[in-house]
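Asks: quick one, what's the 3D model for this:
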Amino acid sequence: MKKLVSRETLGIAKRILRNGNVCDNCLGRQFAQMYTGMTNNERGRIVRKALGKAETKKKCVVCKGFFQNIDKYADEAMKALKGIEFESFVVGTVMDSDLIDREESLWEDIGIEYCETLKAESNRELGKILERRMKKKVDEKAPEVNVILNLEKNKIELQINPLFVFGKYKKLIRGIPQTKWEKYKETVEDIIAKPFMRDSKGSGHAMHAAGREDIDARCLDWRPFIFEVLSSKKRKLNLERIKMEINKGRKVGVEDLMFSSKKEVIWVKSLQPDKTYRVIVSFEKPINEKGMEKVKKILGEVKQKTPKRVMHRRADKIRVKKVKGISWKRINNKKLEIEIKGEAGLYIKELITGDDGRTRPSLTGILKNPAKVETLDVVKIHL
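Replies: Just a heads-up that it's a prediction; the model follows:
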């Protein structure tokens with residue numbers, strides 16, 4: 001056995017054991033980078049045997065019996081996880097200051113060249129026990145649940161990571177905003193949230209969409225979104241049933257619901273598709289055929305200073321956007337139905353009214369005829 005263990009290792013091990021009884025885990029952990037392919041406990045047993053030493057029943061001077069009690073922490077973790085649906089998890093440890101001091105004191109004596117931290121071993125070994133017992137998998141990149149062993153408080157804490165669902169929505173009525181706003185009792189987000197929150201037993205929610213429509217506008221084409229449920233205790237949701245329940249209300253329609261990820265939130269938020277709007281516009285003075293032909297002059301670049309109606313929440317700057325297409329039909333001699341295709345971020349209302357000269361060109365400016373938007377709908381999102 002001694003032949004398997006180097007003289008350097010035996011020398012370091014003797015110095016470690018001079019401090020008192022050190023358990024096999026804490027002994028083996030000091031050689032983690034030297035002897036691979038085994039656990040720290042196995043390393044410790046091999047090194048101890050090579051020294052001809054037996055492990056005593058005294059408490060370890062480094063971990064104070066932590067590894068002897070690790071099954072008790074696993075029991076506590078399983079109790080905390082009861083009733084929570086998940087398939088993947090990761091373990092994290094909050095170290096207690098005395099443990100840190102004892103470990104650092106040992107390192108000062110023997111060095112850290114071959115060591116692994118107690119924290120790293122705790123995370124791995126508790127994770128292995130829970131994997132075996134619960135038939136779940138450790139996933140360090142995208143866990144559904146974080147199991148936190150808080151040694152300062154001597155308790156298990158849970159962090160349930162959000163549940164993400166991708167979908168597309170239509171807003172079929174006017175007068176409600178997309179997301180939470182104190183002035184409005186109901187939002188698109190609230191309507192979508194109701195069945196999600198009931199079925200997931202989550203603690204809160206957020207909605208991330210590819211742009212938004214005005215409160216008084218409908219969205220008649222499918223707008224991509226990600227719905228986020230915070231601390232979702234149930235993750236195996238019946239998305240088809242949720243879709244049918246939302247659609248039954250006839251205020252908001254959803255389709256293509258599917259489970260998603262945080263990474264897709266970034267993708268959805270980065271989308272900047274062109275959009276086509278249908279606008280009913282009324283003019284102060286009648287419009288003749290010659291005037292109607294001038295409407296084409298709106299095509300091309302438009303410079304828009306931040307509209308007065310949103311200046312309280314947006315920076316006052318000039319945005320340059322393009323009008324890519326326009327068509328219209330007469331409703332009467334003072335009213336037109338106009339379809340406008342424009343870049344993402346084009347303010348359509350101000351394109352019509354001019355916003356007291358803050359948008360140039362505008363329909364009002366081109367026709368020299370004050371115009372007003374009566375209704376506005378998003379009819380096509382060009383993805």
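Asks: and Met292, how many neighbours?
Replies: Other residues within reach of Met292, judged by other CB atoms under 10 Å, total 14. Glycine gets a C-beta too; all of them are placed from N, C-alpha and C.
Asks: what does Arg314 show for phi and psi?
Replies: Main-chain torsions, Arg314, degrees, to the nearest 10: phi -130, psi 150.
Asks: show me what contacts the closest residue to it other than its chain neighbours?
Replies: The shortest distance from Arg314 to any non-neighbouring residue, by CB to CB, 6 or more residues apart in numbering, is to Thr306 (5.2 Å). Taking CB atoms under 8 Å, 6 or more residues apart in numbering, we find Thr306 in contact with Arg314, Ala315, Asp316, Lys317, Arg319, Arg358.
Asks: buried subset of those residues?
Replies: Buried subset of the contacts of Thr306 (neighbour count, 16 or more other CB atoms under 10 Å): Arg358.
Asks: farthest-separated two in the contacts of Thr306?
Replies: Ala315 and Arg358 (13.9 Å; CB to CB).
Asks: phi first, then psi, for the residue nearest to Arg314.
Replies: Dihedral angles (degrees, to the nearest 10) for Thr306: phi -50, psi 120.
Asks: Met95: how many residues sit nearby?
Replies: Close neighbours of Met95, defined as other CB under 10 Å, add up to 17.
Asks: same check, this time on Lys57
Replies: Using other CB under 10 Å, the number of residues around Lys57 comes to 6.
Asks: would you confirm that it belongs to a strand?
Replies: No: counting by DSSP: H, G, I helix; E, B strand; the rest coil, Lys57 is located in no strand; its state is coil.
Asks: that one and Ser327, how far apart?
Replies: 88 Å (CB to CB, to the nearest Å).
Asks: before we move on, what about Asp377?
Replies: From Asp377 to Ser327 the distance is 15 Å (CB to CB).
Asks: who's more crowded, those two?
Replies: The neighbour comparison of Asp377 against Ser327 (other CB under 10 Å) goes to Asp377, with 19 against 13.
Asks: residues touching the more buried one, list them.
Replies: Ala217, Arg218, Cys219, Leu220, Tyr277, Arg278, Val279.
Asks: identify the bridge partners of it.
Replies: On the basis of DSSP bridges, Asp377 is bridged to Arg218, Arg278.
Asks: tell me the phi and psi of the residue of the chain positioned farthest from its centre?
Replies: Distance from the C-alpha centroid of the chain peaks at Gly52, with 54.0 Å (CA atoms, centre = their mean). The phi/psi pair for Gly52 (degrees, to the nearest 10) reads phi 70, psi 30.
Asks: Serialize the contacts of Thr306 to JSON lines and add fields for distance to Ile191 and pLDDT.
Replies: Shown next, in JSON lines, are these (distance: CB to CB, whole Å; pLDDT from 0 to 100):
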{"residue": "Arg314", "distance to Ile191": "26", "pLDDT": "78"}
{"residue": "Ala315", "distance to Ile191": "31", "pLDDT": "81"}
{"residue": "Asp316", "distance to Ile191": "33", "pLDDT": "86"}
{"residue": "Lys317", "distance to Ile191": "33", "pLDDT": "91"}
{"residue": "Arg319", "distance to Ile191": "31", "pLDDT": "94"}
{"residue": "Arg358", "distance to Ile191": "34", "pLDDT": "96"}
